[in-house]
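Colleague: sequence first, then the predicted structure:
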Amino acid sequence: MMNSPKYSPEYHVDRLIAELRAKFVHHEAFEDLQVQFERHLRKRRAALSLGQEMEARCLAILGASGSGKTTAADRLLRDHPDIKQPREGEDVAEVVRLQVPSPTTLKIVGSTMLAALGYPLVRDQSANVIWDKVREFLQLRQTLFVHLDEAQHLYTNKGTSARNDVGNTLKILMNNKTWPVGLVLSGTPDLAAMIESDVQLLRRSDIIRLKPVTWTSHGDEFGDLFIGFVQKAGLTSKDGLGQPDFLERLFHAGGNEFGTTLEIILCGIEEALYSDDTILNRAHYAEAIRRRAGCIPAFNPFIADDFLAIDVRRLGEL
């Protein structure tokens, strides 16, 4: 009888890698995000307890692709112990989270938000009507915060009129007299242009930027992270893994972005586990990059001598 997939070696590798990927790595920007959000939440709860109307604020998380901004926002909001999540059969949904598609319009985002609130449209409506309904149902469900991921799509490649409409719509959510709602916006640095283009929106916003990671700024931290992941995977390492030369290659391969660099650490470990190896080496990382980008050795950051000359953003094109 063929072995059940659940008990195959590959299943156990996949489960171990999933457990490692589920491990959230705290970092300075996340700590700042957490502090700011807790302040927003406490102020809103205090105002509600006193029956006061209070203008809500926007918390913006900016970072390049692969920086970990979405993971940070999800960790903050999805796992928060003091926020009621949207659940079937429950009226209160204190946070609503959705990803802004590209391309998009205010009408599309409003319709998506209504569906997330549990009130999908039954017929086509204008953007103004949709957003009136959004504000109505945010109050009915006692929503305190709305998280829009990839929020830059609301602004980029839009004309002046459409951009003004976006800013006004977001401000109305925050200063609604009957039920103001706080915003958590995560996106690329293009999102900063949206916020900074509107003086009132900028005044109501707290901005947290996820900066690039380098050997100079994060070498010790990632060295410890690397060792921890290797140990959790039940592996040992050689070829100077965890040492400066390897870590510099790792940061460069990850485009100096926090989330991507962590992902590459795990990809190398995955290659070793699938190969049934107990010793992790640089060849596992070279193979992981080859699989991800399909690049030749001369353009592989874990093989090439002059690896800093490689434009890792174009690896998939080489």
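Modeller: Sure, I can see it.
Colleague: from memory Leu262 sits against Gly228, does it?
Modeller: No - counting by Cβ atoms under 8 Å, no contact exists between Leu262 and Gly228, whose distance comes to 11.3 Å. C-beta here means a position set from N, CA and C on the backbone, and glycine is covered the same way.
Colleague: counting neighbours, go ahead and name the busier of those two.
Modeller: Applying other Cβ atoms under 10 Å to Leu262 and Gly228 shows that Leu262 carries more neighbours, namely 25 against 14.
Colleague: ok now do Leu33, which residues does it touch?
Modeller: Leu59, Ile61, Ala72, Ala73, Leu76, Ile208 (Cβ atoms under 8 Å, 6 or more residues apart in numbering).
Colleague: ok, and the most crowded of these?
Modeller: The residue in those with the most neighbours, by other Cβ under 10 Å, is Ile61 (30 neighbours).
Colleague: and that one, what element?
Modeller: Ile61 belongs to strand 58-62 when assigned by DSSP states H and E.
Colleague: what's that strand packed up against?
Modeller: The contact analysis (3 or more Cβ pairs under 8 Å, 6 or more residues apart in numbering; DSSP states H and E) places strand 58-62 against helix 28-49, helix 69-78, strand 182-187, helix 190-196, strand 205-209.
Colleague: turn those into TSV, columns for mean pLDDT and distance to His147.
Modeller: Rendered in TSV, the data for the helices and strands packed on strand 58-62 read as follows (pLDDT from 0 to 100; distance: least, Cβ to Cβ, whole Å):
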stretch	mean pLDDT	distance to His147
helix 28-49	94	10
helix 69-78	93	6
strand 182-187	97	4
helix 190-196	95	13
strand 205-209	96	14
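Colleague: and these, which is most packed in?
Modeller: A comparison of the helices and strands packed on strand 58-62 by mean neighbour count, using mean count of other Cβ atoms under 10 Å, puts strand 182-187 on top with a mean of 25.
Colleague: direction included, what does it pair against?
Modeller: Counting by DSSP bridges, the strands paired with strand 182-187 are strand 58-62 (parallel), strand 145-149 (parallel).
Colleague: buried set for the next helix or strand after the last one?
Modeller: So that's strand 145-149. Stepping forward along the backbone from strand 145-149, the first helix or strand reached (DSSP H and E) is helix 160-175. Using 16 or more other Cβ atoms under 10 Å as the test for burial, helix 160-175 gives Arg163, Asp165, Val166, Gly167, Thr169, Leu170, Lys171, Ile172, Leu173, Met174, Asn175.
Colleague: which residues touch helix 160-175?
Modeller: Contacting residues not belonging to helix 160-175 are listed as 55-58, 105-106, 127, 131, 134-135, 138, 146, 154-155, 158, 180-183, 194, 197-198, 200-201, 204 [Cβ under 8 Å, 6+ apart].
Colleague: got the angle for that helix vs strand 58-62?
Modeller: Between helix 160-175 and strand 58-62, the angle formed by their directions is 130 degrees, by axes from the mean of the first three to the mean of the last three Cα atoms, to 10 degrees.
Colleague: helix 160-175 versus strand 205-209: what angle between them?
Modeller: Using the same axes, to 10 degrees, helix 160-175 lies at 110 degrees relative to strand 205-209.
Colleague: now helix 160-175: average pLDDT?
Modeller: Confidence for helix 160-175, expressed as mean pLDDT, is 95.
Colleague: shaky segments in the stretch 1-150 of the chain?
Modeller: Under the criterion pLDDT under 70, the flagged ranges of the stretch 1-150 of the chain are 1-7.
Colleague: how about 80 then?
Modeller: For the stretch 1-150 of the chain, the stretches with pLDDT under 80 are 1-9, 53, 122.
Colleague: if we can go back for a sec, go through the contacts of Leu33 and name the one nearest Val122.
Modeller: When the contacts of Leu33 are compared for distance to Val122 (Cβ to Cβ), Ala73 comes out closest, at 30.9 Å.
Colleague: what's the closest non-adjacent residue to the closest one?
Modeller: Spatially, and ignoring its direct neighbours in sequence, Ala73 is nearest to Ser186 (4.6 Å; Cβ to Cβ, 6 or more residues apart in numbering).
Colleague: same question for Pro189.
Modeller: When the adjacent residues along the chain are set aside, Pro189 lies closest to Leu62, with 5.5 Å between them (Cβ to Cβ, 6+ apart).
Colleague: ok, the one you found to Phe30 distance?
Modeller: Between Leu62 and Phe30 the computed distance is 13 Å (Cβ to Cβ, to the nearest Å).
Colleague: follow-up on the earlier one: which of the strands paired with strand 182-187 is buried the deepest?
Modeller: Mean neighbour count (mean count of other Cβ under 10 Å) peaks for strand 58-62 among the strands paired with strand 182-187, with a mean of 24.
Colleague: what's the angle between that strand and helix 28-49?
Modeller: Using the same axes, to 10 degrees, strand 58-62 lies at 170 degrees relative to helix 28-49.
Colleague: related to what we said a few turns ago, could I get the helices and strands packed on strand 58-62 as CSV with distance to Asp245?
Modeller: What follows is the helices and strands packed on strand 58-62, written out as CSV (distance: least, Cβ to Cβ, whole Å):
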stretch, distance to Asp245
helix 28-49, 25
helix 69-78, 28
strand 182-187, 34
helix 190-196, 35
strand 205-209, 29
